[in-house]
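S.K.: Pasting the sequence and the predicted coordinates here, then a few questions.
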2 protein chains.
Amino acid sequence: MSEIVGTQSLRFSEAPFILSSASVVGKKEGEGPLGHLFDAVGEDDKFGCESWEEAESTLQKEAVALALGKAGLKAEDMRYIFAGDLLGQMIASSFGLLDYQIPLFGVYGACSTAGETMSLGAMAVAAGYAEQVVTVTSSHFASAEKQFRFPLEYGNQRPKSATWTVTGSGAYIISKKKSPVKITGITTGRIVDYGIRDSMNMGAAMAPAACDTIAAHFRDFGSSPKDYDQIITGDLGYVGQKILIDLLKEKGYDISKNHSDCGIEIFNPDEQDTDSGGSGCGCSAVTLSAYFLPKLMSGEWKKILFVPTGALLSTVSFNEGMNVPGIAHGVLIESERL
Amino acid sequence: MSEIVGTQSLRFSEAPFILSSASVVGKKEGEGPLGHLFDAVGEDDKFGCESWEEAESTLQKEAVALALGKAGLKAEDMRYIFAGDLLGQMIASSFGLLDYQIPLFGVYGACSTAGETMSLGAMAVAAGYAEQVVTVTSSHFASAEKQFRFPLEYGNQRPKSATWTVTGSGAYIISKKKSPVKITGITTGRIVDYGIRDSMNMGAAMAPAACDTIAAHFRDFGSSPKDYDQIITGDLGYVGQKILIDLLKEKGYDISKNHSDCGIEIFNPDEQDTDSGGSGCGCSAVTLSAYFLPKLMSGEWKKILFVPTGALLSTVSFNEGMNVPGIAHGVLIESERL
């Protein structure tokens, strides 16, 4: 086989299709500019559960159920589930997906996990290891604040560079069965450390990783920004977007005209007090599903590069004075509609 | 392709080879019954670092360096690295593997991660996505106690059912290039919840998952215990081993004569005060590399089923009163020597 291109990419000779996808979000996301596009919006962010973590598990469970329903498939039709979240030891996934009884590959790439799960899912289907698989990621504002920052009751102040963790989960059915949209390639990221130590500025920590992966993608595929309807990062926010555009310009690539960021699209910062934008494993997953994918399904767009971005830190590494390295995983998605 | 067998397994038509492997362990592991077999034993468990987490990162870095060295390969010869550890947000991997600059798939399956990384690595090479990849997992007694239990200074008492987290990291080069040993198939685990709530009895939490995966493996491949020189679980310990053997008997499989557990092999419980046995992401990885794999390399054994086992919990899920579900991933490894 000759699916390997360049140093970090694959081009699938039998590209797998995205058969369906689904997005489930919290109240605040439902009130944002994309609110009317999500498949389900919670009335309150506990989703009827006892804890924030359980609520996040419910998000994943619901997202998978909706994606399966849209495709007219059942859990037992899924050969594998590729899943991840931001919580320590990935408890949102472990408890959310238990009932499905699908063989599970747990995946961690911080907020890049949506890209990582879709990459691995596409690899499995393209290789003939599965007729179809499901991928799912989630984040929850309250469980993430508890994990990474302060108790909600403390009411800490946030700098303008901070992002707001999205409460949401996005699920994707990747299949051999035809649909209007397919995953034609992937570019897998490396860990990039620019020496950022500000845990309230994740955009700056992740932008160099996004730059590294996007530049590698262009090199590997011999392409340039104009070949894509849109290049879409996960959760760089306003601060990270500016850095990414500048860094890529230094490498000779101008993405200023066709770059979008899921974290920028999902909230209205003036009305929603979300500072630099949305973030989290769920942010890119729900925004791709609800907002960008339909443009490919309809044929309005032909080709996007989807690049979820992750910041590799924990409270332990941060408190021990370590840097915040980043990683970004690129997924090339194309429309079959002419 | 027809690599899919049964409900949870793959049989590789072009089975990838294990070109080399390496094990790096701490002082206590070096004093255990397998001490003389490990590639490197640390003089003290900080490995010259400032923190336990950094020490664990160093373990991964060293294990990868040694595995590469044994194969006569460099980091740039590796298309992907599949890596994971037990720490929140997988910081041991993020900081340990930064310098290698190999495209990274971060993976989390608790202590089953060694099986999960080897499964995904074998899938990638068998599909032609890579000439070779490296997989690595680690655990560290002190970083794990800090993460999951008590500060070391507290000197907590341990029940007899508790396991002792292994300080160690094992790395594997999986390649298209021939070696005497190949990965001929995998059986991917599902989440299994038996309602265990005792975080000091991980063996009981994981044994049902090991049973589920091993029984699925026999069903999928139409095989039985006698077809394997050894069936090797990751870190069930003495308590979990007994449960596993009993559970499999109920399903009609007797593995009592050819079952081994890495957690049982690595320590001498009478002399080393390790209670039920060793555990952790590093336990199965170093024991396979140092003790079991050589038996396949030499041709003494023809076929093993390697089944690392993981307990899916965090301190948050545990403190919120959740159960401890388990997961286990099976890797079928065969010798080419006649």
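M.R.: Yes, it's here. Residues are numbered from 1 along each chain as shown, chains lettered A, B, ... in the order given.

S.K.: CA atoms for contacts and neighbours, from now on please.
M.R.: Fine.

S.K.: Next up, the contacts around A:N323.
M.R.: For A:N323, the residues meeting the contact criterion (CA atoms under 8 Å, 6 or more residues apart in numbering or on different chains) are A:193, A:195-197, A:313, A:317.

S.K.: same thing but 7 Å
M.R.: In this structure, A:N323 makes contact with A:195-197, judged by CA atoms under 7 Å, 6 or more residues apart in numbering or on different chains.

S.K.: can you check A:P103 too?
M.R.: Contacts were defined as CA under 7 Å, 6+ apart; by that measure A:P103 touches A:79-81, B:8, B:188-190.

S.K.: what's the closest non-adjacent residue to it?
M.R.: In space, not counting the residues next to it along the chain, A:P103 is nearest to B:R190; the distance is 4.4 Å by CA to CA, 6 or more residues apart in numbering or on different chains.

S.K.: Give me the nearest residue to A:T213, chain neighbours excluded.
M.R.: With sequence-adjacent residues excluded and distances taken as CA to CA, 6+ apart, A:T213 is closest to A:G189, at 5.4 Å.

S.K.: so the one you found touches A:V331, yeah?
M.R.: No. Taking CA atoms under 7 Å as the contact criterion, A:G189 and A:V331 are not neighbours in contact, 10.6 Å apart.

S.K.: ok, those two, which is more surrounded?
M.R.: A side-by-side neighbour count of A:G189 and A:V331, using other CA atoms under 10 Å in any protein chain shown, places A:G189 first with 32 against 26.

S.K.: Pull the contacting residues for the more buried one.
M.R.: If you count contacts by CA under 7 Å, 6+ apart, then A:G189 has A:213, A:327-329, B:103-104 around it.

S.K.: Residue in the stretch 151-300 of chain A with the shortest distance to chain B?
M.R.: Closest to chain B within the stretch 151-300 of chain A is A:R190: 4.4 Å, counting by CA to the nearest CA.

S.K.: rewinding a little: show me which of the contacts of A:N323 are buried.
M.R.: Buried residues within the contacts of A:N323, defined by neighbour count using 16 or more other CA atoms under 10 Å in any protein chain shown: A:196-197.

S.K.: mind listing which of the contacts of A:N323 are in helices?
M.R.: Judged by DSSP state H, the subset of these located in helices is empty.

S.K.: Now do the buried residues in stretch A:269-280.
M.R.: Buried residues in stretch A:269-280, counting neighbours by 16+ other CA under 10 Å, are found at A:269, A:274-280.

S.K.: one step back: restricted to helices, list the contacts of A:G189.
M.R.: Filtering the contacts of A:G189 for helices - DSSP H - leaves A:T213.

S.K.: I'd like to know which of the contacts of A:G189 are part of strands.
M.R.: With strands defined by DSSP state E, the entries of those inside them are A:327-328, B:104.

S.K.: Scan the residues you listed and report the most crowded one.
M.R.: A:A328 (37 neighbours).

S.K.: coming back round to it: which stretch of helix or strand covers the residue nearest to A:T213?
M.R.: Using DSSP states H and E, A:G189 sits within no helix or strand.

S.K.: so how far is stretch A:89-97 from its chain's centroid?
M.R.: Stretch A:89-97 has its C-alpha centroid displaced from the chain centroid by 17 Å (CA atoms, centre = their mean, to the nearest Å).

S.K.: got any ranges where chain A has weak pLDDT?
M.R.: The model of chain A has pLDDT under 70 over residues A:1-2, A:338.

S.K.: what does it put close to chain B?
M.R.: A:1, A:3-4, A:8, A:86, A:88-89, A:91, A:94, A:98, A:101-104, A:106-109, A:127-129, A:188-191, A:312-314, A:317 (CA under 7 Å from any CA of the partner chain).

S.K.: And those, which of them are buried?
M.R.: Buried positions within the residues of chain A next to chain B, assessed by neighbour count (16+ other CA under 10 Å), are A:3-4, A:8, A:86, A:88-89, A:91, A:94, A:98, A:101-104, A:106-109, A:127-129, A:188-191, A:312-314, A:317.

S.K.: Once you drop chain neighbours, what's closest to whichever residue of the stretch 201-338 of chain A sits closest to chain B?
M.R.: Proximity of the stretch 201-338 of chain A to chain B (CA to the nearest CA) peaks at A:S314, 5.7 Å away. Residue nearest to A:S314 in three dimensions, not counting chain neighbours: B:Q89, with 5.7 Å by CA to CA, 6+ apart.

S.K.: Could I get the contacting residues of the one you found?
M.R.: Applying CA under 7 Å, 6+ apart, one finds that B:Q89 lies in contact with A:86, A:88, A:313-314.

S.K.: Equivalent analysis for A:G168, please.
M.R.: A:24-26, A:59, A:138-140, A:282-283, A:286.

S.K.: Tell me which stretches of the stretch 1-150 of chain A form strands.
M.R.: For the stretch 1-150 of chain A, the strands defined by DSSP state E, counting those that start in this stretch cover A:4-5, A:9-11, A:17-25, A:40-41, A:80-85, A:104-106, A:132-139.

S.K.: which helices and strands does the longest one pack with?
M.R.: The reference is to strand A:17-25. With contacts defined as 3 or more CA pairs under 7 Å, 6 or more residues apart in numbering or on different chains; DSSP states H and E, strand A:17-25 has these neighbours: strand A:40-41, helix A:52-71, strand A:168-175, strand A:181-187.

S.K.: One more: the second one?
M.R.: In terms of contact count using 3+ CA pairs under 7 Å, 6+ apart, strand A:9-11 is assigned the packing partners strand A:4-5, strand A:181-187.

S.K.: go again using 6 Å as the cut-off
M.R.: Applying 3 or more CA pairs under 6 Å, 6 or more residues apart in numbering or on different chains; DSSP states H and E, one finds that strand A:9-11 contacts strand A:181-187.

S.K.: Please find the angle between the direction vectors of the strand it packs on and strand A:17-25.
M.R.: Interaxial angle of strand A:181-187 relative to strand A:17-25 (axes from the mean of the first three to the mean of the last three CA atoms, to 10 degrees): 90 degrees.

S.K.: Might you quantify the distance of strand A:181-187 from its chain's geometric centre?
M.R.: Put simply, strand A:181-187 sits 15 Å off its chain's centre (CA atoms, centre = their mean).

S.K.: neighbouring contacts of it?
M.R.: Strand A:181-187 is contacted from outside by A:8-12, A:15-18, A:217, A:297, A:330-336, using CA atoms under 6 Å, 6 or more residues apart in numbering or on different chains.

S.K.: How much space separates the spatially closest residue to A:M118 that is not a sequence neighbour from A:A127?
M.R.: Distances taken as CA to CA, 6+ apart place A:T135 nearest to A:M118, at 6.2 Å, with adjacent residues excluded. Remark: distance between A:T135 and A:A127 (CA to CA, to the nearest Å) = 16 Å.

S.K.: and if you look at A:K226?
M.R.: Applying CA to CA, one obtains 30 Å for the distance of A:K226 from A:A127.

S.K.: One more: A:F318?
M.R.: A:F318 sits at a distance of 39 Å from A:A127 (criterion: CA to CA).

S.K.: Kindly report the same for A:D270.
M.R.: If you measure A:D270 against A:A127 using CA to CA, the figure is 46 Å.

S.K.: re earlier: include distance to A:T163 when you put the contacts of A:P103 into TSV, please.
M.R.: Formatted as TSV, the entries for the contacts of A:P103 read as follows, by distance: CA to CA, whole Å:
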residue	distance to A:T163
A:R79	35
A:Y80	32
A:I81	29
B:Q8	40
B:T188	36
B:G189	36
B:R190	34
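
S.K.: nearest to B:D261, of those residues?
M.R.: For those, the residue nearest B:D261 by CA to CA is B:G189; the value is 17.6 Å.

S.K.: so who does A:S138 touch?
M.R.: Applying CA under 6 Å, 6+ apart, one finds that A:S138 lies in contact with A:85, A:168-169, A:281-282.

S.K.: if we go to 8 Å?
M.R.: Under the criterion of CA under 8 Å, 6+ apart, the neighbours of A:S138 are A:56, A:59-60, A:84-86, A:92, A:167-170, A:280-283, A:285.

S.K.: For A:E250, grab phi and psi.
M.R.: With angles defined as degrees, to the nearest 10, A:E250 shows backbone torsions of phi -60, psi -30.
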